[in-house]
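Asks: Just a sequence and a predicted model for now, questions to come.
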Amino acid sequence: PFYVSEIISKAKYIQFSLEQGTTKDSGKKIAITPSQKMTMSKLAGNIVSAGFTINDKKASIYVKNLAPFPITIFSLQKKSSRLQTRRSSENLLAEQQKIELPAYSESENFIKKVEVPFTEDDNTLVTSLTAYATIKGTQEPIEINIPLDFGTRKGPLYKPSSIKIDYPQFSIDEAEQRVTIPPGSWRVDRSIVLKPGWSLEIRPGATLSFADKAIVAVHGAVIMRGSPEMPIRLQPQESSLWGGISVIGNRETSVIENVYLSGIKRPTTALDFLTGALTVEDTVLKVDNLRISNIQAEDALNIVNSEIDLKNITVSDVSSDAVDMDFCTGQLKGLMVIRSAGDGLDISTTNLEAENLTFSSIQDKAISVGEQSKAHLKNIDITNAEIGIASKDLSYTEVENISLKNIRKFPFMAYNKKPELGPG
């Protein structure tokens with residue numbers, strides 16, 4: 001799984017919380033206080049992994065416990081883009097049915113298979129499951145969000161849009177499993193969701209104008225190779241905001257060159273486990289000259305579990321973090337962030353070599369290095385930020401040649417935020 005180290009850290013903290021509440025009577029269940037329950041529910045978000053297959057209107061869900069203690073799931077609900085509440089109240093498990101998951105063991109690969117009813121239609125996109133469970137030795141149930149990560153999926157839990165019907169001007173290569181968008185100006189009135197394994201290529205000079213909340217979702221490689229003279233533009237129609245791009249790459253190489261993205265608001269009811277206006281996961285990513293502007297999302301650029309070679313990125317006018325990297329390795333040469341309401345650059349469990357970074361008007365940290373990351377930063381210019389550089393939670397940050405102006409709180413911070421980790 002992508003997030004093993006983070007999952008184990010969270011699980012160990014939950015186990016620590018449980019051990020603090022143990023009584024001398026080993027047979028007595030532990031009572032969890034409301035505050036402990038809230039903390040554990042937040043931390044428990046990724047301690048269970050799931051994949052699935054679909055056959056004859058049934059979904060076979062494969063569930064595995066990644067925590068060092070047994071878990072019993074007594075209710076399983078799905079999150080879907082059709083649900084205004086973002087979660088169905090229907091329990092997918094049969095009456096009295098429970099999923100007993102033993103504690104995680106490196107020597108055993110225990111996966112529980114559960115068959116549940118499922119009906120596909122064009123408008124349904126299940127992004128995750130919500131489990132209500134109890135941990136062995138506890139009384140109170142906790143809520144566990146189980147992301148259906150593309151990387152662990154056996155197949156798609158959605159019906160891909162009929163791109164042949166909606167966009168006949170696009171080239172469809174069945175043999176190569178590739179969709180190609182030619183140069184020109186195109187109005188995109190519906191989301192483009194490709195079948196797993198298919199790649200998307202957008203040719204130089206293409207301008208795509210998206211309808212409100214329309215998204216692009218690719219479970220394969222994306223090739224957007226524009227030129228300085230003929231850049232690729234992805235933008236909203238009129239005054240609307242479109243939903244952004246998600247690329248889950250299966251370790252394939254994606255290339256983004258001379259591309260402008262603008263006017264994105266990540267929908268909260270579709271693909272809500274993906275946080276970025278441009279989200280890239282499990283990919284070998286190469287970028288040169290990418291501009292992202294006018295973003296309303298948790299991250300403008302979110303990269304997860306990828307090998308990166310990034311050059312010349314500009315991000316401006318962002319409602320939260322500009323660039324977020326989790327579980328990545330590689331280099332970043334040239335980043336400019338202007339007007340970010342969150343962090344400028346936020347990395348977690350990442351090894352990064354970066355140089356020529358400029359930040360201006362940052363409401364939080366210009367650079368945040370966390371969760372056992374290693375960062376070597378060179379040639380940094382930070383102007384008007386709450387905090388310059390923060391290194392936390394067993395991270396190591398080395399900085400060479402830096403200019404800081406108008407820092408409202410601290411130019412540098414090194415500290416411990418997550419109790420299950422250590423100082424930066």
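Replies: Everything's here; your move.
Asks: so where is this structure shaky, pLDDT-wise?
Replies: Residues of the chain meeting the criterion pLDDT under 70: 1-62, 66-68, 78-90, 104-113, 116-129, 135-168, 267-274, 420.
Asks: all helices for it, in order.
Replies: Secondary structure of the chain (DSSP state H): helices located at 4-20, 34-43, 163-166.
Asks: The residue nearest to G184 when sequence neighbours are not counted and G226, how far apart?
Replies: For G184, ignoring the flanking residues on the chain, the nearest one in space by Cβ to Cβ, 6 or more residues apart in numbering is A206 at 6.3 Å. Any C-beta I mention is one placed from the backbone N, CA and C, and that applies to glycine too. As defined by Cβ to Cβ, to the nearest Å, A206 lies at a distance of 8 Å from G226.
Asks: joint contacts of the two?
Replies: Jointly contacting A206 and G226 under the rule Cβ atoms under 8 Å, 6 or more residues apart in numbering are I232.
Asks: returning to what we had before: doesn't V188 make contact with the residue nearest to G184?
Replies: No. The pair A206 and V188 does not pass the contact test of Cβ atoms under 8 Å, sitting 10.9 Å apart.
Asks: before we move on, the earlier item: and the residue nearest to G184, how many residues sit next to it?
Replies: Applying other Cβ atoms under 10 Å, we find 22 other residues in the vicinity of A206.
Asks: Same question for H376.
Replies: If you count neighbours by other Cβ under 10 Å, H376 ends up with 15.
Asks: For T349, what are phi and psi?
Replies: Recorded main-chain torsions at T349 are phi 50, psi 50, according to degrees, to the nearest 10.
Asks: so how far is D326 from it?
Replies: Distance, T349 to D326, using Cβ to Cβ: 6 Å.
Asks: Over to L332?
Replies: Here L332 is placed at a distance of 14 Å from D326 (Cβ to Cβ).
Asks: ok, now D282?
Replies: Between D282 and D326 the distance, using Cβ to Cβ, works out to 11 Å.
Asks: what's the overlap in contacts for those two?
Replies: Shared contacts of D282 and D326, defined by Cβ under 8 Å, 6+ apart, comprise 304-305.
Asks: where do the strands sit along the stretch 301-424 of the chain?
Replies: Counting by DSSP state E, counting those that start in this stretch, one finds strands in the stretch 301-424 of the chain at the ranges 307-318, 321-326, 329-340, 345-348, 351-370, 374-392, 396-415.
Asks: In a markdown table: these, plus distance to P423.
Replies: As requested, these are exported to a markdown table (distance: least, Cβ to Cβ, whole Å):
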| stretch | distance to P423 |
| --- | --- |
| strand 307-318 | 27 |
| strand 321-326 | 21 |
| strand 329-340 | 23 |
| strand 345-348 | 16 |
| strand 351-370 | 12 |
| strand 374-392 | 8 |
| strand 396-415 | 6 |
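Asks: just those strands: most buried one?
Replies: Scoring those by mean neighbour count under mean count of other Cβ atoms under 10 Å gives strand 321-326 as the most buried, with a mean of 27.
Asks: That one vs strand 351-370, what angle?
Replies: Angular relation of strand 321-326 and strand 351-370 on a 0 to 180 degree scale: 110 degrees, by axes from the mean of the first three to the mean of the last three Cα atoms, to 10 degrees.
Asks: number of nearby residues for the nearest residue to L93 once chain neighbours are set aside?
Replies: The shortest distance from L93 to any residue other than its chain neighbours is 5.2 Å, reached at L76 (Cβ to Cβ, 6+ apart). Applying other Cβ under 10 Å, we find 24 other residues in the vicinity of L76.
Asks: quick one: L76 from A103, how far?
Replies: When distance is defined by Cβ to Cβ, L76 is 20 Å away from A103.
Asks: now G388
Replies: The spacing between G388 and A103, counted by Cβ to Cβ, is 42 Å.
Asks: what's the answer for C328, then?
Replies: C328 is 30 Å from A103, where distance means Cβ to Cβ.
Asks: mind listing what the closest residue to N406 other than its chain neighbours touches?
Replies: Of all residues not flanking N406 in the chain, N384 sits nearest, at 4.7 Å (Cβ to Cβ, 6+ apart). Contact criterion Cβ under 8 Å, 6+ apart gives 360-362, 405-406 as the residues in contact with N384.
Asks: repeat that with 10 Å
Replies: Contact criterion Cβ atoms under 10 Å, 6 or more residues apart in numbering gives 339, 359-363, 366, 405-408 as the residues in contact with N384.
Asks: Reformat the residues you listed as a markdown table; add distance to A322.
Replies: Output for these, formatted as a markdown table (distance: Cβ to Cβ, whole Å):
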| residue | distance to A322 |
| --- | --- |
| R339 | 9 |
| F359 | 8 |
| S360 | 11 |
| S361 | 11 |
| I362 | 8 |
| Q363 | 11 |
| A366 | 10 |
| K405 | 19 |
| N406 | 18 |
| I407 | 17 |
| R408 | 18 |
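Asks: just those now: which is nearest V399?
Replies: Each of the contacts of N384 was scored against V399 by Cβ to Cβ, and A366 proved nearest at 11.3 Å.
Asks: returning to that earlier point: go ahead and confirm the residue nearest to L93 touches L101.
Replies: No. Counting by Cβ atoms under 10 Å, no contact exists between L76 and L101, whose distance comes to 12.0 Å.
Asks: intersection of neighbour lists for these two?
Replies: Between them, L76 and L101 have 63, 131, 133 as joint contacts when contacts are counted by Cβ under 10 Å, 6+ apart.
Asks: Looking at neighbours, which among those residues is most surrounded?
Replies: Across the shared contacts of L76 and L101, neighbour numbers were computed from other Cβ under 10 Å; A131 holds the maximum, 26 neighbours.
Asks: Could you measure from that residue over to K64?
Replies: Between A131 and K64 the distance is 12 Å, computed by Cβ to Cβ.
Asks: likewise S240?
Replies: With distances defined as Cβ to Cβ, the gap from S240 to K64 amounts to 41 Å.
Asks: For those two, indicate the residue with more neighbours.
Replies: Of the pair S240 and K64, K64 is the one with more neighbours under other Cβ under 10 Å, namely 18 against 14.
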